[in-house]
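**Student:** My questions are about this predicted structure, shown below with the sequence.
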Amino acid sequence: MSGAQVTNAVVIAGTDTNIGKTVFAAALTAASGGTYWKPIQAGITGGTDRDAVAQLGELKPDRIHTEAYRLMTPCSPHRAAEIDNVAIDTANLVPPNGTPINPLTIE
Ligand SMILES: Nc1ncnc2c1ncn2[C@@H]1O[C@H](COP(=O)(O)OP(=O)(O)OP(=O)(O)O)[C@@H](O)[C@H]1O
Ligand SMILES: [Mg+2]
């Protein structure tokens, strides 16, 4: 990864929605003392995962990185990008600069 200096990252992945990725990521970010990043937020009505993590983990804004992409359609990122007519450039999928960042929890 280029961009921010990441020395320790955990990726939370799951192939369905509402299975607890965000809830787990909030707990992990809070317990680890690190930061949270959701590279692609698909679906923004009803709040974002960033907001949920900040609330659940009681985290200050400097521990929640800004998404690389925010898509309107609530489905998988690649499909949401197609529907929203957005081209996702993987070169943009790097953590934003900012310190401190580690450990980084990526959802
Ligand atoms: N504080 C809480 N206590 C118990 N359950 C909660 C709490 N907050 C959210 N939930 C529930 O946990 C479930 C998992 O939600 P979560 O947002 O973690 O899923 P997700 O895997 O991140 O989904 P997505 O793919 O949309 O990001 C939801 O049904 C939600 O209603
Ligand atoms: Mg989530």
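**Tutor:** The structure has been received and is ready for your questions. Ligands and ions are numbered 1, 2, ... in the order given.
**Student:** My read is that residue 107 contacts residue 21, right?
**Tutor:** Yes - counting by Cβ atoms under 8 Å, residue 21 is a contact partner of residue 107 at 5.2 Å. C-betas here are computed from N, CA, C, even on glycine.
**Student:** what about the two, which has more around it?
**Tutor:** More crowded of residue 107 and residue 21, by other Cβ atoms under 10 Å: residue 107, with 23 against 16.
**Student:** what does the protein put close to ligand 2?
**Tutor:** 21, 22, 49 (Cβ under 5 Å from the ion).
**Student:** quick one: which of those is nearest to ligand 2?
**Tutor:** Ranked by distance to ligand 2 (Cβ to the ion), the residues of the chain next to ligand 2 are led by residue 22 at 3.3 Å.
**Student:** Tell me the predicted confidence for the closest one.
**Tutor:** Residue 22 carries a pLDDT value of 98.
**Student:** Secondary structure class of it, three-state.
**Tutor:** Three-state call for residue 22 (DSSP: H, G, I helix; E, B strand; the rest coil): helix.
**Student:** where exactly do the strands run in the chain?
**Tutor:** 9-11, 35-37, 40-42, 69-71, 104-106 (DSSP state E).
**Student:** Noted, bye for now.
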